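Colleague: A structural model of the following input is requested.
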Amino acid sequence: MALMIVGAGIAILLNLYMPKLDQGIRADQKKVELLMRQILFSMAQRLRGEEPYLEFDHRFDELKQLLQNLEANALRNMENSFLKSSPYFLKYVDMRLVQFRVLTQMKRHSAAFQGVSEPSRILSRLTEKTALELSEDNPAEELVIGVNKMVHDFRKSELPVSREEFENRAVLFQFMNDLRYFLEIKRDFYIEFQTMQKEKVSFRHFLFFVRR
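Modeller: Presented below is the predicted three-dimensional model:
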């Protein structure tokens, strides 16, 4: 009897604690997306030849620390045997961690770019659009189509004449490919969890008819 009471008490405590943990994870998700959005806006400014309004290194350090904390909390949430949490939060963190590594490459390429050109202005607008549509429930498919079109057009454009133009073109192309990979990571994550949600709904319907 005493063991049952203790067990019930632990379950109650966990039920009180885990919703707070979920709320903390959700709050950290929004902070991650805000920092990524700020970083992308700053990169877009650089592509237009403007001085970024935010300091890059500080934002990257803050984002890295936040992702590490979010990963630890998501793992704690996932490993709780009483609640059998969905792997969603952990998969979400994995997706953002890969995107963070891509952002570090994009940062290096945007810093190396010199001057302003029409392709850099177009890429700047696409980078800003990515920042605006960064939320977890955005499939990013239209953005992937947009960057793929830009890569195609860029490859067909006239070759540069001077060495500086050639170097800038190479940097832009690297940034463009990184942005495409950044978006494909998000699109694939969205597709994976849309599929999982459909499978869950189908399984619930199956159980409903079996129990009738």
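Colleague: So which residues of the protein form helices?
Modeller: Taking DSSP state H as the criterion, the chain contains helices spanning 2-47, 56-79, 88-112, 118-132, 141-156, 163-211.
Colleague: could I get the ones you listed as TSV with mean pLDDT?
Modeller: Below are those laid out as TSV (pLDDT from 0 to 100):
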stretch	mean pLDDT
helix 2-47	71
helix 56-79	89
helix 88-112	93
helix 118-132	94
helix 141-156	92
helix 163-211	76
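Colleague: Any idea how many residues pack against Val161?
Modeller: Using other Cβ atoms under 10 Å, the number of residues around Val161 comes to 8. All C-beta atoms are positioned from the backbone trio N, CA, C, and that covers glycine.
Colleague: same check, this time on Asp57
Modeller: 8.
Colleague: For the most centrally placed residue in the chain, list the residues it contacts.
Modeller: Closest to where the C-alpha atoms of the chain average out (Cα atoms, centre = their mean) is Arg96, at 4.1 Å. Residues in contact with Arg96 (Cβ atoms under 8 Å, 6 or more residues apart in numbering) are 32, 36, 67, 70.
Colleague: one more time with 6 Å, if that's ok
Modeller: When contacts are counted by Cβ atoms under 6 Å, 6 or more residues apart in numbering, Arg96 touches 32, 67.
Colleague: Check Val161 too.
Modeller: Contacts of Val161 (Cβ under 6 Å, 6+ apart): none.
Colleague: now it: how far from Val116?
Modeller: Counting by Cβ to Cβ, to the nearest Å, the separation of Val161 from Val116 is 17 Å.
Colleague: And for the closest residue to Phe193 other than its chain neighbours, the neighbour number?
Modeller: Counting by Cβ to Cβ, 6 or more residues apart in numbering, Phe193 lies nearest to Tyr88, which is 6.5 Å off, once chain neighbours are set aside. When neighbours are counted by other Cβ under 10 Å, Tyr88 registers 16.
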